[in-house]
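Trainee: Structure for the following, please:
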Amino acid sequence: MSNALRTAALLALTLGASGPASAWDATLAAGVTRESTEVLRLALQQDFQRSWWQSSSGRLTGYWDAGYTYWFGDKSASNHSLSFAPVFVYEFAGERVRPYVEAGIGVALFESTEHESHDLGSSFQFEDRLGFGLRFAGQEIGVRAIHYSNAGIKQPNDGAETYTLHYRTAF
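Mentor: Model (predicted):
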């Protein structure tokens, strides 16, 4: 995973050196699957520009996420996927650092239905995610788990999971 982490760190520093905040953010994530396939993910986000249930302890908000993931490893040939998801975020109150938790369900398209020793059954997959992290100074760092499954639309439906560290910044 050292090559993936070096590439992710270099891209994160490049993204972090960009100009003033805007309506779009970029996220770079690096991680692994249960069977040691490495993943690199580059995504764009746009905030909902709304929040609900604001209180002194935090608020519910969210963003649209469109991503590209490159899957590579010793046990499988490379794979590519595109995904799109609405993601809901509960952001806890804080002056400089705001912890958050997130959850979302979206869709993904895989180039190949073969992944490690699994058969995804179809190129179309649902993408379920859970994550947590910290927001500070227009940036974010966090941990995320994403599960892919076709929900039994086509058999087999072996599914796949990724576990990543991510960095998000405005550009």
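Trainee: Could you measure from residue 100 over to residue 78?
Mentor: 32 Å (C-beta to C-beta, to the nearest Å). The C-beta positions use only the backbone N, C-alpha and C, and glycine is treated the same way.
Trainee: wait, residue 110
Mentor: 11 Å.
Trainee: what do you get for residue 37?
Mentor: Using C-beta to C-beta, residue 37 is found at 9 Å from residue 78.
Trainee: With neighbour numbers in mind, choose between residue 100 and residue 78.
Mentor: residue 100 (19 against 11; other C-beta atoms under 10 Å).
Trainee: which ones are touching that one?
Mentor: Going by C-beta atoms under 8 Å, 6 or more residues apart in numbering, residue 100 touches 89-92, 132-135, 140, 142.
Trainee: So what are the sheet partners of the strand or helix carrying it and their directions?
Mentor: Here residue 100 sits within strand 97-110, counting by DSSP states H and E. Here strand 97-110 is paired, per DSSP bridges, with strand 79-92 (antiparallel), strand 124-136 (antiparallel).
Trainee: Show me what counts as buried in the longest one.
Mentor: Spelled out, that is strand 79-92. Neighbour counts using 16 or more other C-beta atoms under 10 Å place 79, 81, 83, 85, 87, 89-91 of strand 79-92 among the buried residues.
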